[in-house]
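Asker: Below: sequence and its predicted model.
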Amino acid sequence: MHSHLDETTMAVEAPKKFNAPQTGRRLCLMGGLAALAGAAVVARLIPSAQSAPAQSSQPAQDPTVDIEEFSAAGKSQGIVHAPRVVKSDAEWRAQLPASSYRVARQEGTEAAFSGEYAEARADGIYRCICCGTALFDSKTKFDSGTGWPSFWQPISPHNVVKSTDFSYGMRREAISCRRCDAHLGHVFADGQKPTGLLYCMISVALHFVPRE
C-alpha cells in the first residue's frame with residue numbers, strides 16, 4: 001500500500017484528465033505538503049503554538065451577512081440577512097473535532113487522499129462544518145487528481161469569500177465561509193468546464209448532507 005505522499009506524487013504525475021495547465025493542482029499539492037510540514041515543525045519546536053488562536057489582519061466585520069439559503073434538496077430559498085457566526089477560540093475547540101478545528105479555525109490542511117470526501121460520489125450538499133452554511137453541491141464535484149474534494153463552482157457566490165494567501169512562499173486564493181470565516185481550501189484557474197475553476201477544498205472543513 002502506498003503512503004499518502006506516494007499516492008499524491010502519482011496523482012500529480014498521472015496523465016492529464018483535462019486539457020488545462022497543471023499549475024493550480026501543483027500549488028494545491030505543494031501548499032498542502034508545505035502546510036503539513038510546517039505544522040509538524042511548529043508542533044515540535046513550539047508546542048504552545050497549536051493552542052494559540054489564528055490571527056487575523058482583517059478589519060472589523062459587520063455583525064450580519066447576506067447568504068443564500070438552500071433546502072436539503074439543494075433548491076435555493078433566496079438571500080437572507082443572517083447574523084455572522086462569531087465564537088471564542090475555546091468555543092470552537094469544544095464544538096469541532098481537533099482536525100476540523102485545525103483546518104477551519106487555524107488554516108491548516110489534511111494529507112492528500114486522506115479526507116473523507118476526496119473521492120466521494122454521493123448526491124447531496126456540502127455544508128460548512130462550523131455553521132452549516134451551504135457551500136457546494138455534489139453536482140459540481142469532479143475528480144481533479146489532487147487528492148482533495150474538488151468542485152468547479154460554489155453552490156452560491158454569496159456563501160464564500162476569496163482572499164489572497166501568501167503563506168509558504170506561494171500566492172494562492174484562499175476560500176472561506178462567508179458566515180463564520182472558516183477556512184475551506186483554495187481555488188485555482190485550471191479546473192473543469194463550464195467555469196474552468198478548481199475549488200480544492202478540505203474534507204474536515206465540510207459536512208456532507210445527502211439530498212432529500
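Answerer: Looks like it came in fine.
Asker: now the residue nearest the centre of the chain: how far from Tyr117?
Answerer: Of all residues in the chain, the one closest to the mean position by CA atoms, centre = their mean is Leu184, 2.4 Å from it. When CB to CB, to the nearest Å is the yardstick, Leu184 and Tyr117 sit 12 Å from each other. Quick note: C-beta positions are derived from backbone N, CA and C, even for glycine.
Asker: Mutual contacts of the two, please.
Answerer: 201, 206 (CB atoms under 8 Å, 6 or more residues apart in numbering).
Asker: all helices of the chain, in order?
Answerer: If you assign secondary structure with DSSP state H, the helices in the chain sit at 4-13, 23-45, 89-95, 98-104.
Asker: what comes up buried for the last one?
Answerer: Using 16 or more other CB atoms under 10 Å as the test for burial, helix 98-104 gives 99-104.
Asker: try the third one
Answerer: Counting neighbours by 16+ other CB under 10 Å, one finds that the buried residues in helix 89-95 are Trp92.
Asker: Sheet-wise, list the partners of the strand of greatest length in the chain with their directions.
Answerer: In the chain, taking DSSP state E as the definition, the longest strand is strand 183-192. Sheet pairing of strand 183-192 (DSSP bridges) gives strand 172-177 (antiparallel), strand 197-201 (antiparallel).
Asker: Quick one: closest of the ones you listed to Asp89.
Answerer: Closest approach to Asp89 among those (CB to CB): strand 172-177, 16.6 Å.
Asker: where's that closest one relative to the chain centroid, distance-wise?
Answerer: The chain centroid and the centroid of strand 172-177 are separated by 8 Å, computed with CA atoms, centre = their mean, to the nearest Å.
Asker: and that strand, average pLDDT?
Answerer: The predicted model gives strand 172-177 an average pLDDT of 98.
Asker: try stretch 135-148
Answerer: Averaging pLDDT along stretch 135-148 gives 97.
Asker: ok, the buried residues of helix 98-104 vs Asp165, which is closest?
Answerer: Relative to Asp165, the closest of the buried residues of helix 98-104 is Val103; by CB to CB it sits at 13.6 Å.
Asker: Surely the closest one touches Ile202?
Answerer: Yes - the criterion here is CB atoms under 8 Å, and Val103 meets it with Ile202 at 5.1 Å.
Asker: who touches both of those two?
Answerer: A shared contact of Val103 and Ile202, defined by CB under 8 Å, 6+ apart, is any residue touching both; here these are 109-110, 183.
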